[in-house]
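Engineer: Kindly generate the corresponding structure for this input.
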Amino acid sequence: MAERLDERNLLRELARMVRGDLPALELRQMAEGEGYGCVAEMCEARLPEDLRRLRIGAADLLARIDAWRRGRVELRELCAWADELYNVSFNHRITYERHGEDRITSALSALSLIGNEGLFPAGPKTARGVEYVRSCLQRRREIEVSTIFARIFLDLERAHLACKGEPGEALGERAGGGGAGGRELDRWADVVLLDAPYEAGRDVYADYDWMVAFTVTTASLYDEERARDAAGLAVEAAEGPGPRPAPDARDGGASAAEGAATPAAGAALRFPGRIPPPRADEVDRVPLLRRLCPNFSFDRYRPRYLNDQDGIAEIVLDAERIGRDEVRYATRLFCLANRIRVCRLDGEPVKTLVLRPVPRRRETV
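Structural biologist: Purely as a prediction, here's the structure:
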């Protein structure tokens, strides 16, 4: 049996992982062998909060990206490397290059999502996403992770979705389909993308790798939250901003890919019931979808298809509550907007309509 890593040795191995001298998957196996779910969990248990001796710079990220581009490391290793470092950064103070912390954490979040082959099979979109992150790091430009999240579902050939409630709670149980509680979904629900087909009885939190695909909410709740947040912004503008609590990875699961929404970079994991303040550039996609696919039942719930500040889709329905029918309707609209061909929600097939890209006409001179 391998010797238990003490604080000094663990910090040394973590620094080796940052430099690429120790594969992240190998260190993750060591953590699992000692009873932890991931490297970040082991670091939280064994290392102090202050890890400013550990340094992460843009050069480290560029070196790992270039190693993948040259075929020296696999995509899953790049994803694991970014994912572990991103999660470690939640619970520990780490040294970053000057003015580079936000850019580096955004890059780690984006790479952990782009490289997750369980959620998004590798292809040209993966390469384009990695190249975008690389370009931003080289030019010291802000990484628009919300844009990555908003576009990453486009043309996904197959989607395994599940309605995320309390741990172990499935949509049928929450919507009164025979569960112990038999209660409704009330006024909102998060729907998550899973890395494997949904199976009844499995815990969405613990047994899958997942990220929030979209949120469906009632129009009344959406408008109430927006009005409340707008009022809060007005008060903050008048009185000045107050202290903001530090993000806590433990509120949102073990993976950075669970973001939307938790990640500081654009959050793949959304916190239940929290709707961001209004944005000046907010665009409803339903008018365009209505023109492209007039046979979809838009009048049924008079939906709005928006993206929040983290890039996560927010589908707003004119309904009193969100139950099974409303979630399935929102799922069909989500698939339509992203041209998803095959979809299952909580293990049940969802009938989808697929929009084909319209070829541009060549102009004759």
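
Engineer: rest of the way, CA atoms for contacts and neighbours
Structural biologist: Will do.

Engineer: Distance from the helix or strand that E131 is a member of to the middle of the chain?
Structural biologist: E131 belongs to helix 124-139 when assigned by DSSP states H and E. On the basis of C-alpha atoms, centre = their mean, to the nearest Å, helix 124-139 sits 18 Å off its chain's mean C-alpha point.

Engineer: So which elements touch it?
Structural biologist: For helix 124-139, the elements it packs on are helix 58-69, helix 101-114, judged by 3 or more C-alpha pairs under 8 Å, 6 or more residues apart in numbering; DSSP states H and E.

Engineer: what are the C-alpha coordinates of the shortest one, in CSV please?
Structural biologist: These are the backbone C-alpha positions of helix 58-69, laid out as CSV (Å, rounded to 0.1, in the frame of the first residue of the first chain):
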residue,chain,number,x,y,z
ALA,A,58,-0.4,31.7,-17.4
ALA,A,59,2.8,30.0,-18.5
ASP,A,60,1.7,26.8,-16.6
LEU,A,61,-1.6,26.7,-18.4
LEU,A,62,0.0,27.4,-21.8
ALA,A,63,2.5,24.6,-21.2
ARG,A,64,-0.3,22.1,-20.5
ILE,A,65,-2.3,23.3,-23.5
ASP,A,66,0.7,23.1,-25.8
ALA,A,67,1.5,19.6,-24.5
TRP,A,68,-2.1,18.5,-25.5
ARG,A,69,-1.8,20.2,-28.9
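
Engineer: Who are the packing partners of the following helix or strand past that helix?
Structural biologist: Sequence-wise, the next helix or strand downstream of helix 58-69 (DSSP H and E) is helix 75-91. Applying 3+ C-alpha pairs under 8 Å, 6+ apart, one finds that helix 75-91 makes contact with helix 7-19, helix 24-33, helix 39-46, helix 58-69, helix 101-114.

Engineer: so can I have JSON lines of these showing mean pLDDT and distance to C293?
Structural biologist: Output for the helices and strands packed on helix 75-91, formatted as JSON lines (pLDDT from 0 to 100; distance: least, C-alpha to C-alpha, whole Å):
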{"stretch": "helix 7-19", "mean pLDDT": "93", "distance to C293": "48"}
{"stretch": "helix 24-33", "mean pLDDT": "94", "distance to C293": "45"}
{"stretch": "helix 39-46", "mean pLDDT": "93", "distance to C293": "45"}
{"stretch": "helix 58-69", "mean pLDDT": "96", "distance to C293": "39"}
{"stretch": "helix 101-114", "mean pLDDT": "93", "distance to C293": "29"}
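
Engineer: of those helices, which approaches N307 most closely?
Structural biologist: Closest to N307 of these is helix 101-114 (C-alpha to C-alpha; 17.3 Å).

Engineer: what is the orientation angle of that closest one with helix 124-139?
Structural biologist: Angle, helix 101-114 to helix 124-139, by axes from the mean of the first three to the mean of the last three C-alpha atoms, to 10 degrees: 170 degrees.

Engineer: Quick one: mean pLDDT over stretch 355-365.
Structural biologist: Across stretch 355-365, pLDDT averages out at 52.

Engineer: shift numbering so it begins at 45
Structural biologist: Got it, the first residue is 45 from now on, which makes the last one we talked about stretch 399-409.

Engineer: Mean neighbour count, the helices and strands packed on helix 168-183: which tops it?
Structural biologist: helix 145-158 (a mean of 25; mean count of other C-alpha atoms under 10 Å).

Engineer: and the strand or helix carrying H204, what does it pack onto?
Structural biologist: Taking DSSP H and E as the criterion, H204 maps to strand 202-208. Packing contacts for strand 202-208, counted by 3+ C-alpha pairs under 8 Å, 6+ apart, involve helix 215-218, strand 232-238, strand 386-389.

Engineer: quick one on the thing from earlier: can you say which of the helices and strands packed on helix 168-183 is nearest to E51?
Structural biologist: Closest to E51 of the helices and strands packed on helix 168-183, according to C-alpha to C-alpha: helix 102-113, at 22.8 Å.

Engineer: Work out the gap between that closest one and the centre of the chain.
Structural biologist: 22 Å.

Engineer: Equivalent analysis for stretch 117-127, please.
Structural biologist: 17 Å.

Engineer: same thing with stretch 88-95?
Structural biologist: On C-alpha atoms, centre = their mean, the centre of stretch 88-95 falls 25 Å from that of its chain.

Engineer: That one: end-to-end distance?
Structural biologist: From its first residue to its last, stretch 88-95 covers 11 Å (C-alpha to C-alpha, to the nearest Å).

Engineer: Which positions within that stretch qualify as buried?
Structural biologist: Buried residues in stretch 88-95, counted by 16 or more other C-alpha atoms under 10 Å: 91, 93, 95.

Engineer: and G310, what pLDDT?
Structural biologist: Per the predicted model, pLDDT is 34 at G310.

Engineer: residue contacts, the closest residue in space to R346 that isn't next to it in sequence?
Structural biologist: Closest residue to R346 apart from its sequence neighbours, by C-alpha to C-alpha, 6 or more residues apart in numbering: D362 at 5.8 Å. D362 sits next to 262-264, 345-347 when contact means C-alpha atoms under 8 Å, 6 or more residues apart in numbering.

Engineer: try 10 Å this time
Structural biologist: 261-264, 343-348, 370 (C-alpha atoms under 10 Å, 6 or more residues apart in numbering).

Engineer: can you check K395 too?
Structural biologist: By C-alpha under 10 Å, 6+ apart, K395 lies in contact with 372-373, 375-376, 379, 385-388.
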